[in-house]
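A.B. asks: One predicted model, sequence on top.
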Amino acid sequence: MSILNRTPRTPKTPKVTPVTPEATAASAAGAASPTGGAANAFSQPNQANPTNQAPGSGTPHPEDHLPGFFAQGDEPEGAQAYLSNGGDWDQIVAEQRGRSDEVIVVNMGPVHPSTHGVMRLVIELDGETVLSLRPSIGYLHTGIEKTFEYRSWVQGSPIATRANYVANIFNEAAYCLAVDKALGITDAIPARANTLRVMMMEVNRIASHLIAVGSGGLELGATSVTMVALRERERCLDFMEAVSGLRMNNAYIRPGGVAVDLPENGLDLLGELIAQLRRNLPELSQFMLDNPIFKMRTQGVAYLNLSACMALGVSGPPLRSTGYPWDLRKTQPYCGYEQYDFNVCTADSCDAYGRVVIRLNEMDESVRILQQCLARLKDSQGQRHMIDDAHIGAVSDLVVGPDGQGNSFTHVKEIMGTSMESLIHHFKIASQGFHVPAGQVYQAVEAPAGELGVHLVSDGGTQPYRVHLRDPGFNHVQALPIMCEGGMLSDVVMAVASLDPVMGGVDR
Amino acid sequence: MSNDLINAASPVSPTYIGTRDGMWGSGSGSGDVSGFAGQKRTLSLPAPASMPYGEWFDDCIAEIETEVDGAVLQVFVWRGELSVVTTPARLLELLRALRDKPSLRFEICSSVSGVHYPEQAGGELHVVYQLLSITHNRRIRIEIALPDARPIAPSCVPIYPMANYHERETYDMFGIMFEGHPGLTRILMPDDWEGHPLRKDYPLGGIPVQFKGASVPPVEQRRSYQQ
């Protein structure tokens, strides 16, 4: 190895080492193209090594005709440059560490593909070691909480769904459960509406976990994992589209119930979806869990133990990966989750690998819940999907007509044809909406990433006075520094993936 | 339902939200021809609860009272949820007791956020803390009111490190300053943004775009395809 300052860069006779396997590997990139060897020797001074030139062959050394932008001999001394001759990488690293003047600040993001949206991580790096990491968020702030205050209570559902767009049903669920609670109608929600809510939440949980696991795989370079995950997610979204009319941003869950009942073939579709997921989800675990590269990249990485989780309010899979079985579906049930038979998945490794295992297992548990939903939906066919209170339910009643859109003929006929008063009332209810008694409530649901809470304040009017979404991702981003500092740069990617923040929810 | 809304509360009580004139809440000068222009409504939150509160609430309040005497200003029980109003001066003491006392043990501060009641004189800005006890599987809400003229609250980050981002967001959105916060800067809005968007006096839309010299031209100067 030789360390050169820029000034004496005129070695007329290049120092040549015998071609060893390491040296060949080091210069492989340079030797790939006839001109690349020379160019790479200077553009990547840490790696390239011009050993592909035979000594004394008369070939002019690349530095003899340097382009004008390279330092010439008469220029003042500049930054340190390294010339590696192969097999001496350890020395260079040790040398560099000894100089310790090379802390660089890297902005990872805001549009880096592994930051799950537009998050910027300001990282201080010493070599590849992360010295400090500060997340910078807000690039996707869209003022959702402000917009709530200018829309009716029912219109809050399509707004809430746009926060965390990967696990959107949970936003709707938390918001609508909070509105239900403020209205005092939680116990009056029909059983079928609750089953439909649970069904959509669990399908969405699978879709969200597939994104978390699949994009985590993609960030490690495992594209086949992503392909499988996206394929299965698309099936989940197809089902959600068949039920609600939209792939994403469904606005399916409404105050008082859900927007529409299952379509005619809904039970068959759900049965098919369950069968497909049962068949195909194990493929993901086969791809990932025993793969030695995947294990090396995730085991012991992004470590966050129970006391750190408690200090930072971390919930969801990161908390359960410490072995603590905290799941709001079990501990503070809503939508009748206490009637379902499922397990809370935990791991005890506190690392990214454990979180992937938990997500894979939770998908299996979600399929179990879906199976129970199927039985309940069979039994409750013909029952109401919306509370029996026209004040609250009428606006959300989007029974689809025979042409596949709009309200059904019977619904329109009842509004338009029965009486003038009916039309006036419908207009009044649809345009103004219902009142929610003054007061404040907090409702939390177990979203795929953790506790998703809604703090709702009503002044008794037809619009929310204040809605605050407590997104798990927002809280979890705080935990990135403690997970990453002192580790390798490549593990930052795994830490972000294991928390699964979605910027739509983080920034709102 | 509307009878609940017309709840006579004195304008200085912490449950007071505001008054609304007319049918549309926009006053009699708004061209309201509905005949309801003279209607005046007072909006207020439900009145404070009195003993017994029910469930585990009585024991919890009694524990708090023995631990931090006089910190509880008011207790609200609504929809099965317990809210405690305290003063900014006693907040940290109260939170520390709630976190550390084994019989209370609220380990997690799920959320800190603000609510703006512009018509509540002397307590326009509220800070709301949602606490969760994993040990006892309970939730409690702590609330403080701050005057708009001096919106300074003590930071609870030393007690609940997880509140760091939440307090930054509350500062960003409401302009509430948290004394003792390790780095109280804007978090969602750009650093050089003016105003605090979630305050009630901040409009929704119709404001000049503040981003880095960009501007939105008036409607008639925008590109149009209808020439």
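C.D. replies: Looks like it came in fine.
A.B. asks: Going by C-alpha atoms from here, please, whenever you check contacts or count neighbours.
C.D. replies: OK.
A.B. asks: Can you tell me which residues in the stretch 201-350 of chain A are near chain B?
C.D. replies: When proximity is defined as C-alpha under 8 Å from any C-alpha of the partner chain, the stretch 201-350 of chain A approaches chain B at A:310-313, A:331-332.
A.B. asks: Which of those residues ranks first by neighbour count?
C.D. replies: Counting neighbours by other C-alpha atoms under 10 Å in any protein chain shown, A:Gly313 leads those with 26 neighbours.
A.B. asks: Let me see the contact set for that one.
C.D. replies: A:475-476, B:108-110, B:162 (C-alpha atoms under 8 Å, 6 or more residues apart in numbering or on different chains).
A.B. asks: Looking at those, which are in helices?
C.D. replies: Counting by DSSP state H, the contacts of A:Gly313 place A:475-476 in helices.
A.B. asks: Of the contacts of A:Gly313, which is the nearest to A:His468?
C.D. replies: Lowest distance from A:His468 to the contacts of A:Gly313 (C-alpha to C-alpha) belongs to B:Ser110, with 11.8 Å.
A.B. asks: Tell me how far the closest one lies from B:Ile134.
C.D. replies: 11 Å (C-alpha to C-alpha, to the nearest Å).
A.B. asks: Looking at the two, which one has more neighbours?
C.D. replies: B:Ser110 (27 against 15).
A.B. asks: Once you drop chain neighbours, what's closest to whichever residue of the stretch 201-350 of chain A sits closest to chain B?
C.D. replies: Of all residues in the stretch 201-350 of chain A, A:Leu312 sits closest to chain B, at 4.2 Å by C-alpha to the nearest C-alpha. Distances taken as C-alpha to C-alpha, 6 or more residues apart in numbering or on different chains place B:Met162 nearest to A:Leu312, at 4.2 Å, with adjacent residues excluded.
A.B. asks: Provide a list of residues in contact with the one you found.
C.D. replies: So B:Met162 contacts A:311-313, A:475, A:478, B:108-109 (C-alpha under 8 Å, 6+ apart).
A.B. asks: and A:Tyr334, helix, strand or coil?
C.D. replies: Secondary structure, DSSP: H, G, I helix; E, B strand; the rest coil: A:Tyr334 is coil.
A.B. asks: what about it, how many residues close to it?
C.D. replies: Neighbour count for A:Tyr334, taken as other C-alpha under 10 Å: 20.
A.B. asks: What distance do you get for the residue of the stretch 201-350 of chain A closest to chain B to B:Pro158?
C.D. replies: Taken as C-alpha to C-alpha, the span from A:Leu312 to B:Pro158 is 12 Å.
A.B. asks: near chain B, which residues of chain A?
C.D. replies: Contact residues, chain A versus chain B (C-alpha under 8 Å from any C-alpha): A:136-139, A:141, A:145-147, A:181-182, A:184, A:310-313, A:331-332, A:435, A:437-442, A:459-460, A:466, A:468, A:470, A:474-475, A:478, A:507.
A.B. asks: Any of these buried? List them.
C.D. replies: Among the residues of chain A next to chain B, those buried by neighbour count (16 or more other C-alpha atoms under 10 Å in any protein chain shown) are A:136-139, A:141, A:145-147, A:181-182, A:310-313, A:332, A:435, A:437-442, A:459-460, A:466, A:468, A:470, A:474-475, A:478, A:507.
A.B. asks: now, which of the residues you listed lie within helices?
C.D. replies: Counting by DSSP H, the part of these found in helices is A:145-147, A:181-182, A:310-312, A:474-475, A:507.
A.B. asks: Do you know the pLDDT at residue 88?
C.D. replies: Using chain A here. What the model reports as pLDDT for A:Asp88 is 75.
A.B. asks: nope, chain B
C.D. replies: Here, the pLDDT recorded for B:Pro88 equals 91.
A.B. asks: domains of chain A?
C.D. replies: A:2-101, A:144-395+A:433-507 (automatic domain parsing).
A.B. asks: Can you check which of those domains gets nearest to B:Phe76?
C.D. replies: Closest of these to B:Phe76 is domain A:144-395+A:433-507, at 9.8 Å (criterion: C-alpha to C-alpha).
A.B. asks: distance between the ends of that closest one?
C.D. replies: Start-to-end span of domain A:144-395+A:433-507 (C-alpha to C-alpha) is 9 Å.
A.B. asks: I'd guessed the residue of the stretch 201-350 of chain A closest to chain B sits against A:Pro481; true?
C.D. replies: No: using C-alpha atoms under 8 Å, A:Leu312 and A:Pro481 do not qualify as a contacting pair, with a distance of 11.2 Å.
A.B. asks: per-domain residue ranges of chain B.
C.D. replies: Taken from automatic domain parsing, chain B resolves into B:1-45, B:48-213.
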